[in-house]
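**Q** I'll drop the sequence and a predicted model, then ask my questions.
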Amino acid sequence: MKEELFEQLDFTVNQQYEQIIDDLLEKQYSIVDDFFDPLEILKLRSSLLHKYEEDKFKKSAIGNRTNELIEKAIRGDFILWMNEAEAGETEKIFFHKINNLIEYLNRTCFMGILHKEFHYAVYPKGTFYKRHLDTFQNDSRRKLSIVSYLNDENWLKTNGGELVIYKEDGSEEVIYPLPGRVVIFESQILEHEVKEVKNSERLSITGWLKTR
Ligand SMILES: O=C(O)CCC(=O)C(=O)O
Ligand SMILES: [Fe+2]
C-alpha cells in the first residue's frame with residue numbers, strides 16, 4: 001500500500017511530453033522544436049559526421065535487395081544503426097532522452113512500448129525518400145516514428161529535404177529539418193515523404209518505438 005503511494009508521488013507532469021500526447025491524439029503527429037538543445041545537437045552532429053567520414057554508413061535498402069535501381073528511385077539516404085549497448089557519451093544523451101519519453105508514454109498512456117530501433121541518416125544532395133508508410137517494408141510492430149534533425153543552425157529552407165506528412169484529411173504538413181526539431185508520428189497511419197535535398201547534406205536520426 002505504502003509503496004504504491006510512493007510510486008504515484010514520484011511522478012511529475014512534463015509539459016513537453018503532455019503536448020506530444022495531445023498532438024498525437026488530435027492529429028497523429030507532433031512537432032517539437034526544442035527537444036534537443038544546441039549543444040546536444042552539436043555533439044550528435046559531430047558524432048554522426050565522424051562515423052560517416054569513417055565510412056561506417058551503408059546505402060539504405062527497402063526490404064529485399066532485388067533491384068538496386070528501383071531502390072535508388074525510392075530512397076537515397078545512407079544509414080548507420082545505433083547500438084544502445086555500445087553507445088558513446090553522445091549517444092547516451094540521445095538514448096537517455098528517448099528512454100525518458102518512452103517511460104512517460106508507457107506510464108501515462110499505457111502505450112506498451114517494449115522495443116526501439118534508431119539509425120543515423122545522411123541524405124546527400126540529390127537524394128530523397130518517396131512517399132511511404134513506415135510499417136510497409138519492415139515491421140508491423142512499429143508504433144511511433146521519431147525523427148531528430150541534426151543539421152546546423154545555418155540550414156536554409158532552400159536546401160530542400162522537407163518532411164511532408166500526408167494527413168488523414170487529405171492535406172499536407174511541410175516540415176523543415178531544423179536543428180533540435182523532433183517529429184513524432186503514428187507509424188501505422190501517416191504516409192510521409194522526404195523531398196529532394198537540393199543543397200548540402202541532410203543529417204538526422206530516425207527511429208521507431210515498437211510494441212510486443
Ligand atoms: O528524415 C525524415 O524526415 C523521415 C525519414 C523516413 O521517413 C524514414 O526513414 O522512414
Ligand atoms: Fe519513413
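**A** Good, I have the coordinates. Ligands and ions are numbered 1, 2, ... in the order given.

**Q** got the residues of the protein near ligand 1?
**A** Within the chain, the positions adjacent to ligand 1 are 129, 134, 147, 163, 192, 194, 204, 206 by CB under 6 Å from any ligand atom. Bear in mind the C-beta positions are built from the backbone N, C-alpha and C, glycine included.

**Q** Among these, which ones are in strands?
**A** Secondary structure from DSSP state E places 129, 147, 163, 192, 194, 204, 206 of the residues of the chain next to ligand 1 in strands.

**Q** Now the fifth one: closest residue in space that isn't a chain neighbour?
**A** Taking CB to CB, 6 or more residues apart in numbering as the measure, V194 lies nearest to Y129, with 4.0 Å between them; neighbours along the chain are not counted.

**Q** Enumerate the beta-bridge partners assigned to F78.
**A** When assigned by DSSP bridges, F78 has beta-bridge partners K59, V122.

**Q** returning to what we had before: need the max-distance pair from the ones in strands among the residues of the chain next to ligand 1.
**A** In those, the most distant members under the criterion CB to CB are H192 and S204, with 13.1 Å between them.

**Q** ok, the two, which is more surrounded?
**A** For the pair H192 and S204, the greater number of neighbours falls to S204 (27 against 23), based on other CB atoms under 10 Å.

**Q** Surely the more buried one touches V147?
**A** Yes: the pair S204 and V147 qualifies as a contact (CB atoms under 8 Å) at a distance of 5.7 Å.

**Q** give the contact list for the spatially most central residue of the chain.
**A** Ranked by distance to the mean C-alpha position of the chain (CA atoms, centre = their mean), the top residue is V147 at 1.8 Å. Shown in contact with V147 (CB atoms under 8 Å, 6 or more residues apart in numbering): 163, 182-184, 204-207.

**Q** That one bridge partners, please.
**A** For V147, the beta-bridge partners are V183, T206 (DSSP bridges).

**Q** Please tell me how far L105 sits from D139.
**A** Summarising the geometry, the distance separating L105 from D139, computed by CB to CB, to the nearest Å, is 18 Å.

**Q** what is the residue in the chain positioned nearest to ligand 1 paired to in the beta sheet?
**A** Distance from ligand 1 to each residue of the chain (CB to the nearest ligand atom) is smallest for L163, at 3.6 Å. L163 has the following beta-bridge partners by DSSP bridges: I175, V194.

**Q** show me what contacts it?
**A** When contacts are counted by CB under 8 Å, 6+ apart, L163 touches 147, 174-175, 177, 183, 192-195.

**Q** what phi and what psi does the backbone show at the nearest residue to N106 once chain neighbours are set aside?
**A** Nearest-residue entry for N106: I113, 5.6 Å, with adjacent residues in sequence omitted and distances by CB to CB, 6+ apart. The phi/psi pair for I113 (degrees, to the nearest 10) reads phi -80, psi 120.

**Q** What residues of the longest helix seen in the chain count as buried?
**A** As far as residue count goes, and with DSSP state H defining each element, the longest helix of the chain is helix 89-109. Applying a neighbour-count criterion of 16 or more other CB atoms under 10 Å, one finds 90-91, 93-95, 98, 101-102, 104-105 buried in helix 89-109.

**Q** which one of the residues you listed is nearest K27?
**A** Nearest to K27 out of these is L105 (CB to CB; 16.7 Å).
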